[in-house]
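Student: sequence plus predicted model, see below.
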Amino acid sequence: MNRIYLDHAATTPMAEQVVNTFVEEINQGYGNASSIHQTGRSARKKLDDARAILAHSIGCRETEITMTSGGTEADNYAIFGTAYARKDVGKHIITTQIEHHAVLHACEQLEKEGFEITYLPVDSSGLISIEYLKKSLREDTILVSVMFANNEVGTIQPIKEIGNLLKDHKAYFHTDAVQAYGSVKIDVQEFHIDMLSVSSHKINGPKGIGFLYQRKDIYLKPLFYGGQQERKKRAGTENVPAVVAFAKAVELKQQNIEDNNSHYRKLKDAFVKQLEKNGVDFKINGTQNEVLTHVVNLSIPKTDVETFLVQLDLVGIDASSGSACTAGSIDPSHVLVAMYGESSPELRNSVRFSFGLNNTKEEAVEAANKISKIILG
C-alpha cells in the first residue's frame with residue numbers, strides 16, 4: 001500500500017537537492033567555524049554565505065540573523081530575551097490565544113515570574129482584531145507576539161497592519177513565521193517586524209535548525225552562555241552542514257513560491273471538490289481568503305477525531321488533528337477552542353490535511369475517495 005503523506009504542516013521531507021547538500025557538507029564541511037586555520041575559515045565562509053541567503057529571503061542584514069536549533073528556540077529567545085532585557089521598562093506582553101505552544105508556554109512561564117500577559121481572542125475564522133490589539137496596548141507593553149499564519153487552520157494574520165500599528169510604539173513586534181515562511185513573501189522592513197522566527201524542517205530542509213531575525217538595534221538577553229558564536233547572541237558550535245542545507249532549501253523555496261502555491265491550490269481544490277462530489281458533509285475551519293495554500297482543516301460531523309485518524313492511518317493516509325507538538329494529547333485543540341468555544345463539536349471532529357511539493361492531484365483525489373469511503377461506508 002502506497003502511503004499518502006498529507007501532514008506537511010507538521011514536517012516536510014527533505015528535498016533531494018537539500019539531502020545532497022547536507023551529505024556533502026557532513027563529509028567535507030567538518031571544520032569548526034570559530035577556528036582560525038584554513039579548514040575553520042572554509043566552514044566560516046560557508047556559514048556566512050548561507051546566512052546571506054537567509055537574510056536576503058526576508059529583506060534584512062546578515063548580522064540580524066541568529067541561527068537556532070529551530071522554531072521553538074527562536075520563539076523562546078525572542079520572548080524570554082525581550083522580557084529579561086526590558087523588565088525595567090515594563091512587564092506587559094501581548095500575544096494571541098492561538099499561538100504555537102512554543103510561544104504560549106513561554107508566556108505562561110513569564111506569568112509565574114510576575115509578567116502580565118494579554119491573550120488576544122480570535123473570531124471564528126481565526127483572525128485577531130486590530131482594534132482589540134490597539135486597545136490592549138499600554139505604556140508598559142514591551143512585546144507583542146502574533147504568529148504570521150496559524151499552523152492548524154492556516155489563517156494568515158494582518159501582519160502588515162500590526163507592524164504599522166506598532167512602529168511608533170516602544171513594544172517590540174515578534175512574529176512566529178514558522179508555518180508561513182516559504183509560502184508567503186516576507187519583507188521585515190515593509191512589515192515593520194522587529195523579530196521573526198523560522199524553522200528549516202517546514203520547508204523541506206533538515207530538522208534541528210532555524211533562525212531568529214532580530215533587528216539590529218534590539219538587545220535580547222541570551223538564553224545560552226559559553227563561547228562567542230553568533231556575535232555573542234547564541235553560544236555553541238554552529239551546525240554548518242545543517243545551516244548550508246537550510247540555505248539550499250530556502251533558495252529552492254524562494255525561487256518557486258508562486259508556482260508552489262499554485263500547485264497547492266490545485267491539490268486543495270481537487271481534494272475538496274472530490275469530497276463534495278462524493279457527498280461528504282464537512283466544513284472548512286478558518287477563513288478561505290487569507291489562508292496558507294497548503295493547509296485545509298476540515299470539520300466532519302458525526303466523526304470522532306481520534307478514531308478517524310486511526311482509520312486514516314490504516315488506509316495509508318497521514319494526517320493530523322492539529323499541531324504535531326501535541327500529538328498523543330487527548331485535549332482539544334486550543335486553536336479551535338479559541339475560534340469556536342469550549343463546547344463546540346468542531347473540537348472533536350476536525351482534522352488537518354496539509355499538502356507538499358511531492359503530492360500529486362491523483363493522490364489528492366485518491367485520499368478524498370478513501371476518506372469518503374470511511375465516512376460514508
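Tutor: Received the coordinates, thanks.

Student: neighbours around the nearest residue to Gln97 once chain neighbours are set aside, how many?
Tutor: Spatial nearest neighbour of Gln97, chain neighbours left out: Ala338 (3.9 Å); criterion: CB to CB, 6 or more residues apart in numbering. Just so you know, the C-beta spots here come from the backbone N, C-alpha and C atoms, and that holds for glycine as well. Neighbours of Ala338 under the rule other CB atoms under 10 Å: 22.

Student: for the one 10 residues further on, same thing?
Tutor: Using other CB under 10 Å, Arg348 has 16 other residues around it.

Student: likewise Lys373?
Tutor: 13.

Student: do you know how far it is from Ile317?
Tutor: For Lys373, the distance to Ile317 (CB to CB, to the nearest Å) stands at 11 Å.

Student: how far off centre is stretch 221-240?
Tutor: 23 Å (CA atoms, centre = their mean, to the nearest Å).

Student: buried residues, that stretch. List them.
Tutor: Pro222, Gln229, Glu230, Lys233, Arg234, Glu238, Asn239, Val240 (16 or more other CB atoms under 10 Å).

Student: can you lay out the residues you listed as JSON lines showing pLDDT and secondary structure?
Tutor: Converted to JSON lines, those look like this (pLDDT from 0 to 100; DSSP: H, G, I helix; E, B strand; the rest coil):
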{"residue": "Pro222", "pLDDT": "95", "secondary structure": "coil"}
{"residue": "Gln229", "pLDDT": "93", "secondary structure": "helix"}
{"residue": "Glu230", "pLDDT": "92", "secondary structure": "helix"}
{"residue": "Lys233", "pLDDT": "92", "secondary structure": "coil"}
{"residue": "Arg234", "pLDDT": "94", "secondary structure": "coil"}
{"residue": "Glu238", "pLDDT": "94", "secondary structure": "coil"}
{"residue": "Asn239", "pLDDT": "95", "secondary structure": "coil"}
{"residue": "Val240", "pLDDT": "96", "secondary structure": "helix"}
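
Student: out of these, who's nearest Tyr5?
Tutor: Proximity of these to Tyr5 (CB to CB) peaks at Asn239, which lies at 25.9 Å.

Student: now the closest one. Nearest residue, chain neighbours left out?
Tutor: Ile209 (6.1 Å).

Student: surely the one you found and Ala242 touch.
Tutor: Yes: judged on CB atoms under 8 Å, Ile209 makes contact with Ala242 at a distance of 4.1 Å.

Student: which of the two has more residues huddled nearby?
Tutor: Ile209 (25 against 22).

Student: got the contact list for that one?
Tutor: Met67, Thr68, Ser69, Gly70, Ser199, Ser200, His201, Asn239, Ala242, Val243, Ala245, Phe246 (CB atoms under 8 Å, 6 or more residues apart in numbering).

Student: biggest separation within those residues, which pair?
Tutor: Within these, two members stand farthest from each other by CB to CB: Thr68 and Ala245, at 15.2 Å.

Student: other residues contacting the helix or strand hosting Thr307?
Tutor: Here Thr307 sits within helix 305-314, counting by DSSP states H and E. Residues from elsewhere that reach helix 305-314 (CB under 8 Å, 6+ apart): 300, 318-321, 330, 348-351, 370-371, 374.

Student: how near is the residue nearest to Asn239 to Pro13?
Tutor: For Ile209, the distance to Pro13 - CB to CB - is 16 Å.

Student: and the next helix or strand past the helix holding Thr307?
Tutor: According to DSSP H and E, the helix or strand after helix 305-314 is strand 317-318.

Student: just the helices from the protein, written as ranges.
Tutor: Assigned by DSSP state H, the helices in the chain fall at 16-28, 38-58, 71-86, 101-112, 130-136, 159-166, 229-232, 240-255, 257-277, 305-314, 334-340, 346-349, 361-376.

Student: ok, which of those comes nearest Met147?
Tutor: Comparing those by CB to CB, helix 101-112 comes nearest, at 7.2 Å.

Student: so which other helices or strands are in contact with that closest one?
Tutor: On a contact count with 3 or more CB pairs under 8 Å, 6 or more residues apart in numbering; DSSP states H and E, helix 101-112 meets helix 71-86, strand 92-96, strand 116-120.

Student: related to what we said a few turns ago, using TSV, lay out the helices of the chain together with distance to Glu290.
Tutor: As requested, those are exported to TSV (distance: least, CB to CB, whole Å):
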stretch	distance to Glu290
helix 16-28	29
helix 38-58	19
helix 71-86	21
helix 101-112	20
helix 130-136	13
helix 159-166	10
helix 229-232	34
helix 240-255	20
helix 257-277	13
helix 305-314	25
helix 334-340	15
helix 346-349	20
helix 361-376	22
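
Student: which of those helices comes out lowest on mean pLDDT?
Tutor: The minimum mean pLDDT among the helices of the chain belongs to helix 229-232 (a mean of 91).

Student: send the alpha carbons of it over as CSV?
Tutor: Extracted as CSV, the C-alpha positions of helix 229-232 are listed here (Å, rounded to 0.1, in the frame of the first residue of the first chain):
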residue,chain,number,x,y,z
GLN,A,229,29.4,32.3,18.5
GLU,A,230,26.6,34.1,16.6
ARG,A,231,28.0,37.5,17.6
LYS,A,232,27.7,36.6,21.3
